[in-house]
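[1] next comes the sequence, and after it the predicted model I'd like to discuss.
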Amino acid sequence: MKNGKQDAAAVNFEIVSRYLGWGDPNNHGLWCVGIEEGSYTYESAEDIRMRLREVVTDSGITYHPSSEPVVQDHSRFSDWAGDIPTWVAKIASGLSKTCADWRQYRETRLWLAGSHVFNANLYPLPKQRIETKPAQYARLFGVDSGDFGSYYRDRCNSRHQLLRSYWQAKEPGATICFGKREWPKFREVFGIAGTLSGATRDGGIERYEIMGRGFILAPFFGRGAMTDERARAIVRILREWNVTLP
């Protein structure tokens, strides 16, 4: 029975590890990469199987081609606890050729098919807070609440390889990694470790140009860390790199 539980946990972890995110990863657009999903946790095997429904499978990874449907007279992100859609919309609308109003952009375009904007995460297991260590993850994924360190250090290596390979294959026009706590891991995963001297700092932002690709390290897209001034600085940098969106 124990081996059966271990096998199920391994399968579950494989499913969520291959699920990278949501939106439109194609057309050399804008990728935003966060640390991990927040505000909820997986509670059951049924929650995990949701990662297999209505997804696109491409090069060994899966993703949802859109996030939150457009429903008349209903805010798409009213159920989201965080500010990530707002900050991504403020940046993306500054690059859009046809929709400069960030509120309208968020409600009608963000992370939909054809938006050329994709959201991924560094780690696969959502947590309600940074310090949360869900006890059920031991049963569901074999990640013991007392040893989350090894999960972050070791168990995500294959996911990070998939993420980097898919990113390389899709060649986004620019990539923004947000969440200062994991800047060192972002550098490692995307192959910019050791090139800090090539960065310029702009109000809490680091910018890189690596093999013709623009890469920005930014604070977490939340209250206190991210500001309108920093969002405008990111837009200016992306425009310098000739990044445009529909």
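    It's in.
[2] which stretches of the protein aren't confidently modelled?
    1-5, 69-74, 81, 193-203 (pLDDT under 70).
[3] got phi/psi on the most centrally placed residue in it?
    With distances taken as Cα atoms, centre = their mean, A120 lies nearest the centre of the chain, 2.6 Å away. Main-chain dihedrals, A120, degrees, to the nearest 10: phi -130, psi 170.
[4] relative to Q161, how far out is T57?
    T57 is 17 Å from Q161, where distance means Cβ to Cβ, to the nearest Å. For every residue, glycine as well, the C-beta is placed using N, CA and C.
[5] any buried residues in the longest helix along the chain, and which?
    Looking across the chain with DSSP state H, the single longest helix is helix 2-18. By neighbour count with 16 or more other Cβ atoms under 10 Å, helix 2-18 contains the buried residues A8, A9, N12, F13, I15, V16, S17, R18.
[6] again with stretch 216-233
    Buried residues in stretch 216-233, defined by neighbour count with 16+ other Cβ under 10 Å: I216, L217, A218, P219, F220, F221, A225, M226, R230, A231, A233.
[7] only alpha carbons, please: show the longest helix of the chain as PDB.
    Coordinates of each C-alpha in helix 2-18 appear next as PDB, following Å, rounded to 0.1, in the frame of the first residue of the first chain:
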ATOM      1  CA  LYS A   2       2.800   2.400   0.800                       C
ATOM      2  CA  ASN A   3       4.400   1.900  -2.600                       C
ATOM      3  CA  GLY A   4       1.000   2.600  -4.200                       C
ATOM      4  CA  LYS A   5       0.700   5.900  -2.300                       C
ATOM      5  CA  GLN A   6       4.300   6.800  -3.200                       C
ATOM      6  CA  ASP A   7       3.500   6.000  -6.900                       C
ATOM      7  CA  ALA A   8       0.400   8.200  -6.800                       C
ATOM      8  CA  ALA A   9       2.300  11.000  -5.200                       C
ATOM      9  CA  ALA A  10       4.900  10.800  -7.900                       C
ATOM     10  CA  VAL A  11       2.300  10.900 -10.600                       C
ATOM     11  CA  ASN A  12       0.600  13.900  -9.000                       C
ATOM     12  CA  PHE A  13       3.800  15.700  -8.800                       C
ATOM     13  CA  GLU A  14       4.600  15.000 -12.400                       C
ATOM     14  CA  ILE A  15       1.200  16.400 -13.500                       C
ATOM     15  CA  VAL A  16       1.700  19.700 -11.600                       C
ATOM     16  CA  SER A  17       5.400  20.000 -12.600                       C
ATOM     17  CA  ARG A  18       4.500  19.900 -16.300                       C
END
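[8] can you give me how far it is from the chain middle?
    Taking Cα atoms, centre = their mean, to the nearest Å, one finds helix 2-18 lying 23 Å from the centre of the chain it belongs to.
[9] same question, stretch 155-170
    12 Å.
[10] what do you get for stretch 163-178?
    That offset, for stretch 163-178, works out to 11 Å (Cα atoms, centre = their mean).
[11] contacts for that stretch?
    Residues from elsewhere that reach stretch 163-178 (Cβ atoms under 8 Å, 6 or more residues apart in numbering): 20, 25-26, 28-34, 58-59, 61, 87, 91, 118, 120, 122, 183, 186, 189-191, 213-221, 226, 234, 238, 241-244.
[12] just the buried ones from the residues you listed?
    Neighbour counting with 16+ other Cβ under 10 Å marks 20, 25, 29-34, 61, 87, 91, 118, 120, 122, 183, 186, 189-190, 213-221, 226, 234, 238, 241, 243 as buried within those.
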